[in-house]
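In: I'll drop the sequence and a predicted model, then ask my questions.
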Amino acid sequence: MKTDLSHVQLMGILNLTPDSFSDGGNLKNEADITIRASEMIKAGASILDIGGESTGPGSTDVTAEEELDRVIPALKAVMTVAKTTNTLISIDTWKSEVAELCLQMGADMINDITGLRGDQKMAETVAKHNAKVVIMYSKDQTARTTKEALDYDDVMETIKDFFDERIQFTKEAGIPYDNIILDPGMGAFVSSNPKYSFEILERLEELDIYDLPILIGTSRKSMHPQPLEDRLIPSISTALLGAFNGADILRVHDVKEHQLAIKTFQNL
């Protein structure tokens, strides 16, 4: 267990979708987006993750055109404040068309919840721009996450097998190894049975074999049985568990509160 958390980065979530499970419709215009981005950076976010499509259980398909209509104005609004503060911009998308335009405009990384499985052109797009890419494990092949209570003989072995195959795929696609960030998935992406998410957090150090940054996103997820309005403390608690066991990036809604929790342990 690691008690020095000085290496941990916070990725602030900027959801632009009307149907996100916890904050859908909160950011209504570019002014709202700029204010929220500035608040997150001031609070300690070193990465901003901009998303224009919900992918949780019950979400609906969004065309690339609609996703771009949401993401591009936000990216323009955030670009100035991000670049003047050395904040990285991540685009949460599985569509190569969206990734292509955003990377052209200056985004730094792609956060693909399908692990480059959803769009055959995504790996090529990431490689062409020499961008960072988050490869996330998900039990589902597509971006439409299900509520299936999938059972595992050994959840970490399943995840490592997945990463082995995906890393080989990225190598063949020309993505440099150092550009990869691994996300073992959480909540419904793994199983609607929350015990597997907690097991992953407890065994996270097993992913040290890859010598790659590890991202986890427990923020407000269904793995916490509390009502949505009561998930802040559970979210911070599970994020810290992940950080103690080797997570390098925490994807969070509540940046200030997570940063305060991290700083509590930086002087140990």
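Out: Sure thing, it's come through.

In: check contacts around M105.
Out: For M105, the contact set (C-beta atoms under 8 Å, 6 or more residues apart in numbering) comprises 72, 75-76, 79. To be clear about C-beta, it is placed using only N, CA and C from the backbone, and glycine gets the same treatment.

In: ok, so what distance separates G246 from V98?
Out: Applying C-beta to C-beta, to the nearest Å, the value for G246 to V98 is 31 Å.

In: same check, this time on A107
Out: When distances are taken as C-beta to C-beta, A107 and V98 turn out to be 10 Å apart.

In: filter the contacts of M105 to the buried ones?
Out: In terms of neighbour count (16 or more other C-beta atoms under 10 Å), the buried residues within these are 72, 75, 79.

In: just the ones of these in helices?
Out: In this view, the buried ones among the contacts of M105 that belong to helices under DSSP state H are 72, 75, 79.

In: tally of neighbours for D161?
Out: D161 has 12 neighbouring residues, counting by other C-beta atoms under 10 Å.

In: give me the three-state assignment for it.
Out: The assignment at D161 comes out as helix when based on DSSP: H, G, I helix; E, B strand; the rest coil.

In: what about it, distance to V78?
Out: Computed with C-beta to C-beta, the distance linking D161 and V78 is 36 Å.

In: find residues that contact each of A107 and V98.
Out: With contacts defined as C-beta under 8 Å, 6+ apart, the residues shared by A107 and V98 are I91.

In: re earlier: of all the buried ones among the contacts of M105, the one with the weakest confidence?
Out: For these, the model is least confident at M79; its pLDDT is 91.

In: quick check: closest non-adjacent residue to that residue.
Out: Excluding its sequence neighbours, the residue lying closest to M79 (C-beta to C-beta, 6 or more residues apart in numbering) is G106, at 5.9 Å.

In: where does pLDDT dip in the stretch 151-268 of the chain?
Out: Applying pLDDT under 70 to the stretch 151-268 of the chain picks out residues 267-268.

In: so which residues of it form helices?
Out: Along the stretch 151-268 of the chain, the segments classed as helices by DSSP state H, counting those that start in this stretch run 155-173, 195-202, 232-244, 255-264.

In: what comes into contact with the longest one?
Out: Pointing back at helix 155-173 there. For helix 155-173, using C-beta under 8 Å, 6+ apart, the contacting residues are 115-116, 123-124, 126-127, 133, 135, 137, 152, 177, 180, 182, 184-185, 190-191, 196, 199-200, 203, 206-207, 209-210.

In: in that helix, which residues are buried?
Out: Using 16+ other C-beta under 10 Å as the test for burial, helix 155-173 gives 155-156, 158-160, 162-163, 166-167, 170, 173.

In: same question for stretch 195-210.
Out: Along stretch 195-210, these residues count as buried under the neighbour rule (16+ other C-beta under 10 Å): 196-197, 200-201, 203-204, 206-207.

In: cool, and stretch 61-69?
Out: Under the neighbour-count criterion of 16+ other C-beta under 10 Å, stretch 61-69 has 62, 64, 67-68 buried.

In: in this structure G185 contacts Y137, no?
Out: Yes. Distance between G185 and Y137: 4.2 Å, which falls inside the contact criterion (C-beta atoms under 8 Å).
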